[in-house]
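>>> just a sequence and a predicted model for now, questions to come.
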Amino acid sequence: MLTINPKDFKNIVFFTGAGMSAESGVPTYRGRGGIWNQYRWEEFACQEAFDREPEKVLRFHELRRQSVLSCEPHPGHFVIAKLAKKHPQVTVVTQNIDGMHQRAGSKDVVELHGSLWRVGCQDHGIIEDIGQTYKSLKCEQCRRWLRPDITWFGDMLDQDVIHEATLIIGRCDLFISIGTSGAVWPAAGFPKVAKDHGARCIEINPEPNEMSSIYDENIREAAGTALPKLFGE
Ligand SMILES: [Zn+2]
């Protein structure tokens, strides 16, 4: 059975997608049974919807927060957080917006698509707001509606965040991808960035996908069982 000794690596990156959270019961957005099958994103997750009906969009995101809070991080989340306590360079790069890694105790988390737990005013910056409901729907300084700090449909990705993720992945020597289809750019390019730097690349995903062949090893298991075994926990 494949096991990893973290001491053999200087920089470890975990790259996680929807599958990581789905194991905790967090509803996924895309695909069969996903949130975008029940709700029209045009009404809830784009700048136009927010400009038209900000309160409706904010209330929708509150529902997402509540459904995340009803779920708990799984053993895979905890293995990653625990590893970071005894290894100096462990970074999580995630496509998820639900903050599950942080709830498990991870500190170095690069969130490619923003977070359900932050809101922002274009003039007064981003603020953290945790809890079942938003503390305020409007900016305290200018009384404008606060916008969830999330990359919505039609939004540009945050180039600073993509740049940071690419730098971190470009210097890692162990790259472990978990529960991501790898189909969406620029995330689809990340395994190759790691590979080009000579990193050992491991995929953990019950299902293969079009990016699977780039990895040195493919573990066809759920992260909650695969990660504890991989790190001998
Ligand atoms: Zn403001």
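Thanks, I have the structure now.

>>> is the longest strand along the chain in proximity to the ion?
Ranked by residue count, the top strand of the chain under DSSP state E comes out as strand 114-121. Yes: Strand 114-121 is in contact with the ion by CB under 5 Å from the ion, via residue 121. All C-beta atoms are positioned from the backbone trio N, CA, C, and that covers glycine.

>>> what residues does the helix or strand bottoming out on mean pLDDT in the chain touch?
Across the helices and strands of the chain, the lowest-confidence element by mean pLDDT, DSSP states H and E is helix 35-38, at a mean of 91. Contact with helix 35-38 is made by 27, 28, 29, 30, 64, as judged by CB atoms under 8 Å, 6 or more residues apart in numbering.

>>> let's see that with 7 Å instead.
By CB atoms under 7 Å, 6 or more residues apart in numbering, the surrounding residues in contact with helix 35-38 are 27, 29, 30.

>>> who touches the helix ranked longest in the chain?
Ordering each helix of the chain by length in residues (DSSP state H) puts helix 54-69 first. Contacts to helix 54-69, defined as CB under 7 Å, 6+ apart, come from residues 26-27, 44, 49-50, 98, 116, 132-134, 137, 145, 148.

>>> okay, and the beta partners of residue 125?
Going by DSSP bridges, residue 125 is paired in beta bridges with residue 121.

>>> for the ion, see how far away it is.
8 Å (CB to the ion, to the nearest Å).

>>> sec struct for residue 203, please.
strand (DSSP: H, G, I helix; E, B strand; the rest coil).

>>> in stretch 4-13, what counts as buried?
4, 6, 9, 11, 12, 13 (16 or more other CB atoms under 10 Å).

>>> dump that stretch to CSV, restricted to CA.
The C-alpha coordinates for stretch 4-13 follow below in CSV (Å, rounded to 0.1, in the frame of the first residue of the first chain):
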residue,chain,number,x,y,z
ILE,A,4,4.1,9.0,2.2
ASN,A,5,6.7,10.1,4.6
PRO,A,6,6.2,13.9,4.8
LYS,A,7,9.9,14.3,5.8
ASP,A,8,10.9,13.3,2.2
PHE,A,9,9.3,16.5,0.9
LYS,A,10,10.0,20.2,1.4
ASN,A,11,6.8,21.7,0.0
ILE,A,12,3.5,19.9,0.0
VAL,A,13,0.4,21.1,-1.8
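
>>> quick one on the thing from earlier: so which bits of the longest helix of the chain are buried?
54, 57, 58, 60, 61, 62, 64, 65, 68.

>>> many thanks, have a good one.
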